[in-house]
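Novice: need a structure here:
(one chain, ligands or ions: 1)
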Amino acid sequence: MNRFTTGWGAYDLTRFPEDPRDTLRAWDAADEYLLRHLRDEGVRLDGPGGAVVALGDRWGALVTALAAARPVQITDSYLTQCATRANLRRAGVPDGAVTLLSSRDEPPARVGVLLVRVPMSLALLEDQLTRLAPSVHEDTVIVGAGMVSEIHTSTLKLFERVLGPTRTSLAVRKARLILCEPRPATGAATPATPWPRSYVLPGDAGAASGLTVVNHAGIFCADRLDIGTRFFLNHLPKRSGATRIVDLGCGNGVVGTAAALADPGATVTFTDESYQAVASARATFAANAGEAEAGERARFLVADSLSGLEPDSVDLVLNNPPFHSHRATTDTTARRMFADARRALRPGGELWVVGNRHLGYHIRLRRLFGNCELVAGDPKFVILRAVKR
Ligand SMILES: C[S@@+](CC[C@H](N)C(=O)[O-])C[C@H]1O[C@@H](n2cnc3c(N)ncnc32)[C@H](O)[C@@H]1O
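Specialist: Below is the predicted model:
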């Protein structure tokens, strides 16, 4: 565990899921710079201007340090919320002092201080700032922060277009601040968010050809079908009957929707740690199967991997695992997903995985399940099947 020292106090912070071998800190130089700036500039956190809102606070470092100001955290990540709850508990912050909202929730009506940790996805930032813009007023203090590598001209242009004149600070320990002065209200309507966006899949998407795919901002491959997903869709298992399917790490839900449409007796659980992804999966399923079916034979779950599922309760898990976590390439999440799938599957149940050939998932699966078969492969991707014995 690492100690985060700020002008408000020192806190023991961890990421989520907690791993004692993890040496990565739960905050960075951009969080430190942002908090120092608030103190040095004497920014009032208890002013009459409205709520203190922290957008994109990755592991809860900002809201933990600012807990006395009863801030509101807005995030798209369930993992962020889990980390934040644990960090607040450890810091002795009483329940209810910090409000945790997801990117799908209604933002506070009036914002006095808006703190923005720049997310990886510009689309997510655009959607979030646009949704918050009506709550911002002339006196709102707006400070963004990020590592130099995370802040681009497009980031600054976005702040400028949605909120008002924007400049950056000097870089300190490879972090930079974004200082934005909200435009006075003109009475003109705030531009609406351009999200969600939909597209219809062409004829080369296998079981999903012709389906409408709905994408909320910031989700995996929101503008086009991922080539690995396309390969998966062309080789999905053929099942009939009351198959209990899980689309694990569902993104826009195209895989689970295609599987459900091919097997009318099946029920499907769509699960992802991103609120935007699960909302997209719901919309994709409803666009193709209808609202009634979405209520009857689909479940939509924001969760860490398969933590919400009973052991031995599933017949088939379909998975295109993430191989990035916060900018780093890693198979840590994939490994957890495979182990969770084994636990959730009934004996005889199957896990189907698509992945880049070079990631070597077959070694993991064979070790975990005692078997692993190559279903299909091309020079880039493989589809693997492991059976719970
Ligand atoms: C490679 S994308 C696949 C998306 C979709 N299934 C497809 O094929 O287009 C991986 C997905 O896993 C989700 N994810 C990452 N970590 C997760 C976790 N711990 N629990 C659940 N989902 C997670 C990501 O949000 C992302 O939507």
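Novice: neighbours of residue 358, just the number please.
Specialist: Neighbour count of residue 358, defined by other CB atoms under 10 Å: 8. Every residue, glycine included, has its C-beta placed from N, CA and C.
Novice: residue 154 contacts residue 122, correct?
Specialist: Yes - between residue 154 and residue 122 a contact is recorded at 5.8 Å, counting by CB atoms under 8 Å.
Novice: more neighbours: which of these two?
Specialist: Counted by other CB under 10 Å, residue 154 and residue 122 do not tie: residue 122 has more neighbours, with 16 against 10.
Novice: so residue 164 versus the ligand, what's the distance?
Specialist: 32 Å (CB to the nearest ligand atom, to the nearest Å).
Novice: quick one, what contacts that residue?
Specialist: Residue 164 makes contact with 142, 180, 181, 182, 183, according to CB atoms under 8 Å, 6 or more residues apart in numbering.
Novice: measure the residue of the stretch 251-389 of the chain found nearest the ligand to residue 178 for me?
Specialist: Going by CB to the nearest ligand atom, the ligand is nearest to residue 251 of the stretch 251-389 of the chain, at 2.6 Å. The gap separating residue 251 from residue 178 is 29 Å, by CB to CB, to the nearest Å.
Novice: likewise for residue 385?
Specialist: The gap separating residue 385 from residue 178 is 47 Å, by CB to CB.
Novice: neighbour-wise, which of those two wins?
Specialist: Using other CB under 10 Å as the criterion, residue 385 and residue 178 rank with residue 178 on top: 22 against 19.
Novice: beta partners for the residue positioned nearest the centre of the chain?
Specialist: Closest residue to the average C-alpha location of the chain: residue 274 at 3.3 Å, with CA atoms, centre = their mean. Listed by DSSP bridges, the beta-bridge partners for residue 274 are residue 77.
Novice: so it sits right up against residue 81, yeah?
Specialist: No - assessed by CB under 8 Å, residue 274 is found out of contact with residue 81, at 11.4 Å.
Novice: what's the neighbour count on residue 237?
Specialist: 16.
Novice: which residues does it contact?
Specialist: So residue 237 contacts 259, 316, 350, 352, 385 (CB under 8 Å, 6+ apart).
Novice: so of these, which ones are in helices?
Specialist: Among the contacts of residue 237, DSSP state H puts residue 259 in helices.
Novice: could you list which of the contacts of residue 237 also contact the ligand?
Specialist: Subset of the contacts of residue 237 in contact with the ligand: empty, counting by CB under 6 Å from any ligand atom.
Novice: are any of the contacts of residue 237 buried, and which?
Specialist: 259, 316, 350, 352, 385 (16 or more other CB atoms under 10 Å).
Novice: show me what contacts the third one?
Specialist: Taking CB under 8 Å, 6+ apart as the criterion, residue 350 is in contact with 237, 315, 316, 317, 385, 386, 387, 388.
Novice: and those as TSV, adding pLDDT?
Specialist: Converted to TSV, the contacts of residue 350 look like this (pLDDT from 0 to 100):
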residue	pLDDT
237	96
315	98
316	98
317	98
385	98
386	98
387	98
388	98
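Novice: for those residues, which two are the farthest from each other?
Specialist: Farthest apart among the contacts of residue 350 by CB to CB are 237 and 388. That separation is 14.6 Å.
Novice: list the contacts of the residue in the stretch 51-200 of the chain that the ligand sits nearest to.
Specialist: Nearest to the ligand in the stretch 51-200 of the chain, going by CB to the nearest ligand atom, is residue 79, at a distance of 5.8 Å. For residue 79, the contacting residues are 16, 17, 273, 304, by CB under 8 Å, 6+ apart.
Novice: need the three-state assignment for it.
Specialist: helix (DSSP: H, G, I helix; E, B strand; the rest coil).
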